[in-house]
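[1] turn this into a model:
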Amino acid sequence: MDKSLFITQTRDRHGKPLCVVENMPGWGAELYPEKMRAIAKALTTAADMAESGAADHGKRTFEHIF
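    Predicted structure coming up:
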C-alpha cells in the first residue's frame, strides 16, 4: 500500500532551510527495507529542494508517494 509524506518547506528564524514532515511514521512503525529506502529517497529529495531555494518565497507544501 502506498503512503504519502506531506512536507512543508520553510526557513527558520536564521533563514536556514527547514522542512516539516507532517505525517512521519511514528512509534512502532513496521517498515520493509524497500519502504525505508523510498522514505529516505523522499526525504533526500525534500532536502535537495529546500537547499535549492524552493522555500525562498514563503512556505511550500508538497507530497511524496512512497
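[2] so where do the helices sit in this protein?
    Assigned by DSSP state H, the helices in the chain fall at 33-51.
[3] and the strands in it, which stretches?
    With DSSP state E, the ranges of strands along the chain come out as 4-11, 17-21, 60-65.
[4] show residues contacting the second one.
    Spelled out, it's strand 17-21. 5-12, 43, 46-47, 50-51, 55 (C-beta atoms under 8 Å, 6 or more residues apart in numbering). To be clear about C-beta, it is placed using only N, CA and C from the backbone, and glycine gets the same treatment.
[5] out of the residues you listed, which end up buried?
    Neighbour counting with 16 or more other C-beta atoms under 10 Å marks 5, 7, 9, 43, 46, 50, 55 as buried within the contacts of strand 17-21.
[6] give me the low-pLDDT residue ranges for the chain?
    1-2, 54-60, 64-66 (pLDDT under 70).
[7] circling back: want to try a markdown table for the buried ones among the contacts of strand 17-21, with distance to Pro33 as columns?
    Listed next are the buried ones among the contacts of strand 17-21 as a markdown table, based on distance: C-beta to C-beta, whole Å:
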| residue | distance to Pro33 |
| --- | --- |
| Leu5 | 17 |
| Ile7 | 22 |
| Gln9 | 27 |
| Leu43 | 16 |
| Ala46 | 20 |
| Ala50 | 26 |
| Ala55 | 31 |
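[8] residue contacts, Ala46?
    With C-beta under 8 Å, 6+ apart, Ala46 has these contacts: 5, 7, 9, 19, 21, 62, 64.
[9] between the residues you listed, which sits nearest Leu31?
    Taking C-beta to C-beta as the measure, Leu31 sits nearest to Leu5 out of the contacts of Ala46, at 12.6 Å.
[10] okay, and the beta partners of that closest one?
    His64 (DSSP bridges).
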